[in-house]
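> starting from these lines, generate the structure:
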Amino acid sequence: MFSKSRINEPGSGASAEPGKSTTADSSGSSKQPTTPPSSAPASGSSSAGSSTPKAKPPASTLSSDLTIVGNIKTTGDIQIEGTVEGDIRAHLLTVGEGATVRGECLADDVVVNGRVVGRVRGLKVRLTSTARVEGDIIHKTIAIESGAHFEGSVQRQDDPLASGTNAAPKPLPTPEAKAQG
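Alright, predicted model coming up:
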């Protein structure tokens, strides 16, 4: 987790630049890494101002005995096991088998195992065999397993997350089209 400082080692004089690995180790020790100390923590656990990405936090889980009335917004992953009455926005949204969501679900990846009453928008949407969806699905890619219950329309868009309320198909022609005819 922590890297050993090379300041007090034999052979690393004061003229050595920090972050540079020395080509010859006068101590003959084979325990020292050959990579610079700044790139040693590849797991992203470095607390220093390095540019390595931080470890991905675990998904937030809403337990089966929890009911939320209101909207949920996160940049991370969320797993719903209880009931949510409101819109949910996340990176990865997983609706558990016993869960119920009444509202719009918007995420990069949406996996529905339970019940959703409302619109589902996602780059990748997957309805498992235990899913029950009552509402429209706007997606880039979709997978519906055998046994899933779905009532609504399915629409493919290249960027379903960017479009807001105008994501639903417009059945009526625009007034400009009527004026031209």
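> now do the strands in the chain.
Assigned by DSSP state E, the chain shows strands spanning 60-62, 67-69, 72-73, 77-80, 83-85, 88-95, 100-102, 105-112, 115-117, 120-127, 132-134, 137-144, 149-151, 154-156.
> of all those strands, which lies closest to P53?
strand 88-95 (14.1 Å; C-beta to C-beta). Every C-beta, even on glycine, is put in place using the N, C-alpha and C of the backbone.
> span of stretch 74-94 from start to end?
13 Å (C-alpha to C-alpha, to the nearest Å).
> then stretch 129-148?
OK, stretch 129-148 end separation, C-alpha to C-alpha: 4 Å.
> which residues does it contact?
95, 97, 112-128, 149-160, 163, 167-168 (C-beta atoms under 8 Å, 6 or more residues apart in numbering).
> what about 6 Å?
Residues outside stretch 129-148 that contact it (C-beta atoms under 6 Å, 6 or more residues apart in numbering): 97, 112-113, 115-128, 149-155, 157, 160, 167.
> mean pLDDT and distance to T52 added to the strands of the chain, as JSON lines?
Shown next, in JSON lines, are the strands of the chain (pLDDT from 0 to 100; distance: least, C-beta to C-beta, whole Å):
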{"stretch": "strand 60-62", "mean pLDDT": "92", "distance to T52": "24"}
{"stretch": "strand 67-69", "mean pLDDT": "95", "distance to T52": "35"}
{"stretch": "strand 72-73", "mean pLDDT": "96", "distance to T52": "27"}
{"stretch": "strand 77-80", "mean pLDDT": "96", "distance to T52": "20"}
{"stretch": "strand 83-85", "mean pLDDT": "96", "distance to T52": "35"}
{"stretch": "strand 88-95", "mean pLDDT": "96", "distance to T52": "20"}
{"stretch": "strand 100-102", "mean pLDDT": "97", "distance to T52": "35"}
{"stretch": "strand 105-112", "mean pLDDT": "97", "distance to T52": "22"}
{"stretch": "strand 115-117", "mean pLDDT": "97", "distance to T52": "37"}
{"stretch": "strand 120-127", "mean pLDDT": "97", "distance to T52": "26"}
{"stretch": "strand 132-134", "mean pLDDT": "97", "distance to T52": "39"}
{"stretch": "strand 137-144", "mean pLDDT": "96", "distance to T52": "30"}
{"stretch": "strand 149-151", "mean pLDDT": "96", "distance to T52": "42"}
{"stretch": "strand 154-156", "mean pLDDT": "95", "distance to T52": "37"}
